[in-house]
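Enquirer: turn this into a structure:
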Amino acid sequence: MIDLNKRSVLRIAALSVVAASALVACGKKEEAKPAAAASAPKADPLKIAFAYVGPVGDGGWTFAHDNARKALEKEFGDKIATSFVEKVPESADAERVMRDMVAQGNKVIFGTTFGYMDPMLKVAADHKDVKFEHATGYKNADNMRVYDSRTYEGAYMAGVIAGKMTKSNVLGVVGSVPIPEVVRNINSFTLGAQSVNPKVKTKVVWVGDWFNMPKETEAATALINGGADVLMQNTDSSAVLQTAEKMGKRAFGWDSDMSAYGPKAHLGSAVINWTPYYIKAVRDVLENKWATGDKTWWGHKEGAIDMVSIAADVPDDVKKKVDEVKAGLKDGSFSIWKGPIADNTGKVVLAKDTVADDKFLGGIMFYVKGVEGKVPSDKK
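Expert: Below you'll find the model as predicted:
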């Protein structure tokens, strides 16, 4: 009996040891199981704001900038958040708008017209933690840099087409404000036309504004009544093309493809693609590579300028000439501003075989031979 009890006790003890071992083993398994990793907080998007001089629906300059803004959103997704304010005057009001953009938490601000330069400099000086990007200007700071497009390349290509398509040998340009950018485009348009038709003359009417459809319409009408049968503009709306359509003449789209605004009049559109630069600028910020320096000035070579939607009735030899210009600009074998070039008083401004550098191009405030009149001294 005693032996039986001993066996029972031993059996119970053995079972207890097994059970305890099992519990220890289970405990070890539970300890070995890794705890769920805490999810990292999602980074706030980089806030980017754009100040536009005209309405986003202008069909030209501002429309092109806003298309690039949308392309940014597509490229970077939820890493960024963009916003814009349209119809911001080139005045003290621009400074107010930009200060408001800073107050809303924007860390990158694009000012998309020449007249924002000085207001942006003031705001940049007070907000060193914000990156400022200014279009078409020439002043920078530690946290403000300048970018531009070589719009004169598009103007030259338009001139090549205009020189062949004119019947009166009189071309017309509706100018916005007389700054080097615009004067350079007028001259380049004329040089392009003269490269295929030395007889052409160019007339200019200034409207003193970037976007003013009634004034642009009035100027285009005056040019046509003065004998011009092919028009180009350095203004932001489609009014010049629409006026040419109504009056049975030809014209170009500017900054964006305007073919739909005047399909019968439209000869082609000199367009700007801001997307490549905007993607680069934002990537610079996201990767902590953003820095100031020389102005970034991109053209056809970088995919920033093109001539598109050339009209079906433009002869094949003219289209071929435009293609040759594009190829030369892309590989560097062709220069639009290569001497000899004289102003319209006969003074040689660029000697034979001399290629203009960017400093020369940035200071052009004269008309080349073939452009009538004088460049106005006032900016507006």
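
Enquirer: give me the nearest residue to the spatially most central residue of the chain, chain neighbours excluded.
Expert: With distances taken as Cα atoms, centre = their mean, residue 274 lies nearest the centre of the chain, 2.7 Å away. Leaving aside its chain neighbours, residue 274 sits nearest to residue 68 (3.7 Å; criterion: Cβ to Cβ, 6 or more residues apart in numbering). From N, CA and C alone the C-beta is placed, and that goes for glycine too.

Enquirer: count of residues packed around the one you found?
Expert: Applying other Cβ atoms under 10 Å, we find 20 residues neighbouring residue 68.

Enquirer: what helix or strand does it sit in?
Expert: helix 61-76 (DSSP states H and E).

Enquirer: contacts for whatever helix or strand comes next after that helix, please.
Expert: Going down the chain from helix 61-76, the next helix or strand is strand 80-85, by DSSP H and E. Contact with strand 80-85 is made by 45-52, 56, 66, 69, 72-73, 97, 101, 104, 106, 282, 286, as judged by Cβ atoms under 8 Å, 6 or more residues apart in numbering.

Enquirer: stretch 340-356 too?
Expert: Outside stretch 340-356, the residues touching it (Cβ under 8 Å, 6+ apart) are 191, 335, 337-339, 360, 366-372.

Enquirer: go on, stretch 317-332?
Expert: By Cβ under 8 Å, 6+ apart, the list of residues contacting stretch 317-332 reads 153, 156-157, 160-161, 164-165, 192, 196, 299-301, 306-307, 310, 333-334, 336.

Enquirer: do you have the strands of the chain handy? List them.
Expert: Assigned by DSSP state E, the strands in the chain fall at 46-51, 80-85, 108-111, 131-135, 144-149, 170-175, 201-206, 230-233, 250-255, 266-272, 296-298, 305-308, 341-342, 348-350.

Enquirer: pass me the low-pLDDT residue ranges in this protein, would you?
Expert: 1-40, 378-380 (pLDDT under 70).

Enquirer: hmm, try it at 90
Expert: 1-43, 293-294, 377-380 (pLDDT under 90).

Enquirer: let me see the domain layout of it.
Expert: If you go by automatic domain parsing, the domain ranges for the chain are 46-150+275-301, 151-271+305-361.

Enquirer: endpoints of the last one, how far apart?
Expert: As for domain 151-271+305-361, its first-to-last residue distance stands at 12 Å under the measure Cα to Cα, to the nearest Å.

Enquirer: sorry, back to before: please pick the buried ones from the contacts of stretch 340-356.
Expert: Listed as buried from the contacts of stretch 340-356 are 191, 337, 366, 367, 368, 369, 370, 371; burial here means 16 or more other Cβ atoms under 10 Å.

Enquirer: would you turn those into JSON lines with distance to residue 348?
Expert: Listed next are those as JSON lines, based on distance: Cβ to Cβ, whole Å:
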{"residue": "191", "distance to residue 348": "14"}
{"residue": "337", "distance to residue 348": "13"}
{"residue": "366", "distance to residue 348": "12"}
{"residue": "367", "distance to residue 348": "14"}
{"residue": "368", "distance to residue 348": "11"}
{"residue": "369", "distance to residue 348": "10"}
{"residue": "370", "distance to residue 348": "15"}
{"residue": "371", "distance to residue 348": "16"}
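
Enquirer: among these, which ones are in helices?
Expert: When the buried ones among the contacts of stretch 340-356 are checked against helices (DSSP state H), the matches are residue 191.

Enquirer: and stretch 70-88, which residues are buried?
Expert: 71, 72, 76, 80, 82, 84, 86, 88.

Enquirer: so where do the helices sit in the stretch 251-380 of the chain?
Expert: 275-286, 316-331, 358-361 (DSSP state H, counting those that start in this stretch).
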